[in-house]
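>>> generate coordinates for the sequence data below:
(one chain, ligands or ions: 2)
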Amino acid sequence: MQNICLLGATGSIGSSTLDLISQHPDRFRLISAAANESVERMVEICHEFQPERIVMGSEKARDAVAQACPNLSIQFDYDTTAMTEIASESNVDQVVAAIVGFAGLTSTLAAIRAGKRVLLANKESLVTAGKLFMDEVAKHDVTLMPIDSEHNAIYQCLPQNESGAIKRSVDKILLTASGGPFRSFSNEQMLSVTPEQACKHPNWSMGRKISVDSASMMNKGLELIEACWLFDVEPDDIEVVIHPQSIIHSMVSYDDGSVIAQMGNPDMKVPIAYGMTWPERITTQVEPLDLFEIAQLDFSKPDLEKFPNLRLAADAWYIGGTAMASLNAANEVAVDAFLNKRIGFLDIAKINTEVLEQTAVFPVTDLEAVFGADKTARQKANDVINSKAFL
Ligand code: NAD
Ligand code: MG
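Residues are numbered from 1 along each chain as shown. Ligands and ions are numbered 1, 2, ... in the order given. As a prediction, the model looks like this:
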């Protein structure tokens with residue numbers, strides 16, 4: 001029996017994880033869960049799964065959940081400190097890091113430092129604190145399972161248990177991307193798209209922030225950096241391949257001319273389940289792939305003129321240090337402003353460019369450097385938005 005701590009329980013990854021826990025009650029138990037403000041959903045989770053501890057983002061949300069669960073023996077807390085506590089508690093076997101954004105960094109790191117098996121969805125934590133994050137993974141001998149679908153696919157396609165094998169026999173990582181809902185839109189059409197259109201992803205149902213990132217290709221940029229840290233490669237070792245059907249979740253191309261791909265219907269339950277039971281596999285109730293129905297798979301190169309965020313991410317990697325934290329922070333602020341209809345869709349990349357160009361870069365010597373860069377870049381992004389300097 002594996003005890004699961006689920007950080008970001010009320011979100012899209014959270015609900016896929018809970019579905020798997022329900023399907024396999026003999027293998028998994030939800031022991032603790034955290035979320036920000038989604039009171040109603042958390043109350044449902046409390047009644048259905050009866051975990052030992054719940055942590056919410058604020059005192060108000062905590063009180064509201066607790067009041068709705070008077071007969072359950074659950075400890076209710078709030079704030080980041082309590083989230084780090086549940087992520088590192090001794091009775092936890094696995095931590096699913098599924099909080100969205102930089103807000104997930106502290107609790108994800110706490111899980112790593114406590115030596116838990118970590119299922120990483122929260123790509124922003126790895127993007128912003130990359131080297132420190134991976135150093136902690138090595139130091140605490142942590143099993144870090146990428147559950148971002150592409151990275152999970154790459155993990156499955158890479159040689160297993162052969163240290164150094166990546167450099168020896170791998171030619172390239174082929175990171176697939178659906179291209180998002182605006183893949184075939186002109187710049188003019190993208191000028192006036194709404195948050196609702198951006199959140200309507202053609203293949204995946206996801207939270208609002210990652211949906212906008214997918215539409216702007218920033219998600220692929222963050223994933224490029226994520227892959228660099230996870231697999232010890234550089235952006236030049238990775239080719240982004242637009243594959244609109246999202247059936248191939250990524251590929252690895254080897255020196256001998258072999259290309260290994262991982263395929264399946266697009267459903268996050270597959271990579272999450274793999275992370276939960278690796279090296280075993282379990283059933284997920286995801287529809288088997290029907291290749292005759294799919295019939296055709298398409299591939300093309302990304303358009304970096306139309307989607308500059310992808311190039312910005314590679315730039316930030318090569319600049320190094322806190323540049324990745326700055327770019328991520330700018331993007332979080334810009335996406336939030338877009339979702340709140342304060343800026344247009346194409347302004348997101350302009351704000352990201354402006355902040356990356358204008359923010360000083362420091363080496364990532366400690367976590368303070370990362371938090372400092374995040375704060376400065378958020379301030380800068382807000383200044384740019386308020387002054388409309390990007391217009
Ligand atoms: P979501 O918006 O659906 O859910 C986010 C969760 O994080 C919610 O439970 C929310 O309450 C919680 N949260 C937000 N801010 C918080 C805070 N300050 N403190 C504590 N909890 C907080 O997002 P999602 O789509 O589930 O994505 C979660 C993460 O997984 C993101 O980093 C995303 O990039 C990554 N990811 C998601 C998918 C997907 O298919 N949804 C795929 C790959 C990677
Ligand atoms: Mg992904």
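>>> number of residues surrounding the one residue in the chain that gets nearest to ligand 2?
Ligand 2 sits closest to residue 148 of the chain, with a gap of 4.2 Å, by C-beta to the ion. To be clear about C-beta, it is placed using only N, CA and C from the backbone, and glycine gets the same treatment. Neighbours of residue 148 under the rule other C-beta atoms under 10 Å: 26.
>>> for it, which non-adjacent residue is spatially closest?
Excluding the flanking residues, the one nearest residue 148 by C-beta to C-beta, 6 or more residues apart in numbering is residue 123, at 5.7 Å.
>>> give the contact list for that neighbour.
When contacts are counted by C-beta atoms under 8 Å, 6 or more residues apart in numbering, residue 123 touches 148, 222, 223, 226.
>>> go on, residue 170?
Residue 170 neighbours (C-beta under 8 Å, 6+ apart): 158, 159, 237, 252, 253, 254, 255.
>>> swap in 10 Å and give it another go.
Contact partners of residue 170, counting by C-beta atoms under 10 Å, 6 or more residues apart in numbering, are 154, 157, 158, 159, 231, 233, 237, 252, 253, 254, 255, 260.
>>> filter those to the buried ones?
Buried residues within the contacts of residue 170, defined by neighbour count using 16 or more other C-beta atoms under 10 Å: 154, 157, 158, 231, 233, 237, 252, 253, 254, 260.
>>> which of those are close to ligand 1?
Of the residues in the buried ones among the contacts of residue 170, proximity to ligand 1 by C-beta under 6 Å from any ligand atom holds for none.
>>> return the helix or strand in this protein with minimum mean pLDDT.
For the chain, counting by mean pLDDT, DSSP states H and E, helix 165-169 ranks last in confidence among helices and strands (a mean of 67).
>>> please enumerate the strands of the chain.
For the chain, the strands defined by DSSP state E cover 2-7, 28-34, 53-56, 75-78, 94-97, 117-120, 144-146, 170-177, 238-242, 248-254, 259-263.
>>> if you average pLDDT over the last one, what comes out?
This means strand 259-263. For strand 259-263, the mean pLDDT works out to 98.
>>> now do the second one
Mean pLDDT, computed over strand 28-34, is 98.
>>> can you list the strands that it pairs with?
Here strand 28-34 is paired, per DSSP bridges, with strand 2-7 (parallel), strand 53-56 (parallel).
>>> then the shortest one?
Using DSSP bridges, strand 144-146 pairs in its sheet with strand 117-120 (parallel).
>>> do the partner strand and ligand 1 meet at all?
No. Figure legend: strand 117-120 not in contact with ligand 1 (C-beta under 6 Å from any ligand atom); closest approach 8.6 Å.
>>> which residues touch that strand?
Counting by C-beta under 10 Å, 6+ apart, 2, 4, 6-7, 13, 17, 87, 92-98, 104, 108-109, 111-112, 126, 133, 137, 140, 142-148, 151-152, 226, 230, 271-272, 274-276, 278 sit against strand 117-120.
>>> chain center to it, what's the gap?
In terms of C-alpha atoms, centre = their mean, to the nearest Å, the centre of strand 117-120 is set 12 Å apart from its chain centre.
>>> so for that strand, what's the average pLDDT?
The average pLDDT within strand 117-120 is 98.
>>> what does stretch 212-231 give?
The pLDDT scores in stretch 212-231 average 98.
>>> next to ligand 2, which bits of the chain? Give me the list.
Contact residues (C-beta under 5 Å from the ion) of the chain with ligand 2: 148, 149, 150.
>>> out of those, the closest to residue 285 would be?
Proximity to residue 285 was ranked across the residues of the chain next to ligand 2 by C-beta to C-beta; first place goes to residue 149, at 16.9 Å.
>>> now the residue of the chain most remote from its centre: phi and psi?
For the chain, the largest distance from the centre (C-alpha atoms, centre = their mean) belongs to residue 71, which lies 35.0 Å off. Main-chain torsions, residue 71, degrees, to the nearest 10: phi -100, psi 10.
>>> against residue 48, how distant is it?
Counting by C-beta to C-beta, to the nearest Å, the separation of residue 71 from residue 48 is 14 Å.
>>> below-threshold pLDDT in this protein: ranges please.
Scanning the chain for pLDDT under 70 picks out 161-167, 390-391.
>>> show me how it divides into domains.
The chain breaks down into these domains under automatic domain parsing: 2-146, 153-267, 320-387.
>>> out of the ones you listed, which gets nearest to residue 304?
Nearest to residue 304 among the domains of the chain is domain 153-267; the distance by C-beta to C-beta comes to 8.7 Å.
>>> got the end-to-end distance for that closest one?
Terminal residues of domain 153-267 lie 13 Å apart, using C-alpha to C-alpha, to the nearest Å.
>>> whichever residue of the stretch 151-300 of the chain sits closest to ligand 1 - how many residues pack around it?
Nearest residue of the stretch 151-300 of the chain to ligand 1 (C-beta to the nearest ligand atom) works out as residue 207 at 2.5 Å. By other C-beta under 10 Å, the residues close to residue 207 number 19.
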